[in-house]
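Chemist: Quick one: sequence plus predicted model below, questions after.
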Amino acid sequence: MNYLSIRNLSARVKGGGPLLRDVSLEVAAGEVRGLVGESGAGKSMIGKAILGILPKAVDITEGQILLDGTDLLSLPPAERRIRVGASCALIPQDPLTALNPSRRIGPQITDRLVHILGWTRSDAEARARALLGEVQINDPARVLRQYPHELSGGMRQRILIASAFAAEPKLIVADEPTTALDVTVQKQILKLIAGLQARHGTALVFVTHDLGVVSKVCQSLSVLYSGRVVEDTTVTDFFRAPKHPYSAALLAATPKYTDPSAGLKPVPDAVIAAVKAEVERG
Amino acid sequence: MADGRSQVRRRAGVRLWLSAIWLLLLILLAIFAPHIAPKDPLEQDLFSGRLPPFWVHGADKSFLLGTDSLGRDVLSRIIFGTRIALAVAFISGTLTCIIGAGLGLLAGFYRGWVDVLVSRFIDIWMAFPPVLFSILLIAVIGPGLFSIILAIVVIDWTRFARVIRAEAMSQGAMDYVASARVAGRGKFGTMLREILPNVLPIIVVLLTLEMGIAVIVEAILSFVNLSISTDDPTWGGMISEGRTSIHQAWWVLVFPLITLFLTVLSFSQLGEGLKDRFDPVLR
């Protein structure tokens, strides 16, 4: 039994079209699974559905989200929140809005430890200091007393990563954690996430549109198009020989630094038309 | 996000201190009015009517700011008027703030049917002409301190609700709210611990503005004789009385007017100054 398994999950906007169509995916304990696809493919929605933070306007119409064998969707909201809070965490996309501007860093990291896991304040603070050290922040004690606006974007993302790992969760959803950062910082942050993930043995659902990132951190991936999983494969297989024509076109569209003269290759219209038809057909 | 604010270096100190000192002075005057006021504010003496303030020729030095047409001491009446002005400002300001900000916060953060209910209610409420509404209200329940406070609260809570709702909505869309929810915080707790501190600077500004507005509203209602009974000295009542004798005794109108003006200005400046103190980015 895998740690997370999503079965036939469908969701739609209230009074609107479908967002997720019959999505199934599995994440084993300690596995890193990438969710890739273009904007609007539903990759972030899956992450939000797992954590129970879908926008109000989105309805889950059917399916199951099994976390360690328990269907989260069948739990009452309060119980679900506790269960998710104790075993899952989020690394959000935009470090600039993901920390509360009017609270100090310290309590924002320790809140979960104190409220959900019942740690004492001083234990939680010691833990936060150790974690900030682990994400290579100098002088953690000082940073814990600072406000978010006093820190750079890269620093804040490190703090969010530390905060995500704070309660030793079994599963972390990383929602495009490097998209809002500049390229040099991106690389450090990726290394950091991969390193922490390996050390703590956390399962990771990594939402991204960057196949380069996938090749660096993921073991398996799901390619999404318009809310449907069009390919579910391992990273090795995907980069060697993508099975689905859309995946192949997506891979071909990645710019090659070794051959700049090749230019950019968009996904061909014919492939888009084909995958669209396939997704609608179901 | 809001990092531009950290570039702003404002010297809010002087404004904050001046307005705080003025308001503190008023509070002391209100509390110790019977000990500070040189005369009985209600004592009439028709022989010493319309005496000018002390620096004008023909003044009686014991009436520092002169007397009105009934011979009552202007300074003492201003000092006693502070009591009603401040009581109205603090009580109605606070009540308006609690009701308006509370409903706005609920509507903006919970959205859904709560929002629909509160927003439609505000829309309907704001369609009533406010002055007519307060006059009607006071006509029904009778004049007095309680009616004035009620009228201000009933009319002005929508101002808070509107602004706070919009702010709560924009804060609610931030990632830190999602993070708090994932970390297991309940909806109501999220609202109090995560959203409220971030709308607090705006609440403070609105609250002090509201206190200033309450002072003006009380003056307006006194002006149209719908406030406290005419015996009790109020600034608005004094302005209204002074208006009739502006050519013979300008001081009866001008001194309460200056007091009123400085008080309303101080409230709004205090709000601006406090906002900077409450805002972690500006602090």
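Modeler: Perfect, I can see it now. Residues are numbered from 1 along each chain as shown, chains lettered A, B, ... in the order given.

Chemist: contacts and neighbour counts: CA atoms only from here.
Modeler: OK.

Chemist: Any chance of the backbone angles for the nearest residue to A:Ala203 once chain neighbours are set aside?
Modeler: Nearest residue to A:Ala203, sequence neighbours excluded (C-alpha to C-alpha, 6 or more residues apart in numbering or on different chains): A:Gly30, at 4.0 Å. Main-chain dihedrals, A:Gly30, degrees, to the nearest 10: phi 80, psi 0.

Chemist: Can you give me the separation between the most centrally placed residue in chain B and chain A?
Modeler: Centroid-nearest residue in chain B, with C-alpha atoms, centre = their mean: B:Met211, separated by 1.4 Å. Between B:Met211 and chain A the computed distance is 25 Å (C-alpha to the nearest C-alpha, to the nearest Å).

Chemist: again with B:Val163
Modeler: Remark: distance between B:Val163 and chain A (C-alpha to the nearest C-alpha) = 19 Å.

Chemist: Next SSE downstream of the host helix or strand of that residue?
Modeler: Using DSSP states H and E, B:Val163 falls within helix B:145-172. Heading C-terminal from helix B:145-172, the first helix or strand you meet, by DSSP H and E, is helix B:175-182.

Chemist: who touches B:Ile195 in this structure?
Modeler: B:Ala168, B:Gln171, B:Gly172, B:Val177 (C-alpha atoms under 8 Å, 6 or more residues apart in numbering or on different chains).

Chemist: farthest-separated two in those?
Modeler: Spanning the widest gap among these are B:Ala168 and B:Val177, at 11.0 Å by C-alpha to C-alpha.

Chemist: still on that earlier bit, could I get the average pLDDT for the helix holding B:Val163?
Modeler: The average of the pLDDT scores along helix B:145-172 is 91.

Chemist: Pull the distance from it to the chain's centre.
Modeler: Relative to the centre of its chain, helix B:145-172 is centred 13 Å away, using C-alpha atoms, centre = their mean, to the nearest Å.

Chemist: now swap in stretch B:88-100 and tell me
Modeler: Distance, stretch centre to chain centre, for stretch B:88-100: 8 Å (C-alpha atoms, centre = their mean).

Chemist: buried stuff in it?
Modeler: B:88-100 (16 or more other C-alpha atoms under 10 Å in any protein chain shown).

Chemist: quick one: contacts of it?
Modeler: So stretch B:88-100 is contacted by B:145, B:148-150, B:152-154, B:156-161, B:203, B:206-208, B:210-215, B:218 (C-alpha under 8 Å, 6+ apart).

Chemist: if you set the cut-off to 6 Å instead, what comes out?
Modeler: If you take C-alpha atoms under 6 Å, 6 or more residues apart in numbering or on different chains as the criterion, stretch B:88-100 is touched by B:Ile149, B:Val153, B:Trp157, B:Thr158, B:Phe160, B:Ala161, B:Glu210, B:Met211, B:Ala214, B:Val215.

Chemist: In PyMOL, select just the buried ones from those residues.
Modeler: This is how PyMOL selects the buried members of those, with burial counted by 16+ other C-alpha under 10 Å:
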select buried, chain B and resi 149+153+157+158+160+161+210+211+214+215
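
Chemist: Start from the N-terminal end of the chain and give the helices.
Modeler: Going with chain A. All helices of chain A, identified by DSSP state H, fall at A:43-51, A:77-87, A:105-115, A:121-134, A:140-145, A:153-165, A:183-200, A:211-217, A:235-240, A:245-252, A:269-281.

Chemist: that answer is for a different chain, and I need it for chain B
Modeler: For chain B, applying DSSP H gives helices covering B:13-31, B:33-36, B:74-110, B:112-126, B:130-141, B:145-172, B:175-182, B:187-190, B:196-223, B:235-244, B:251-278.
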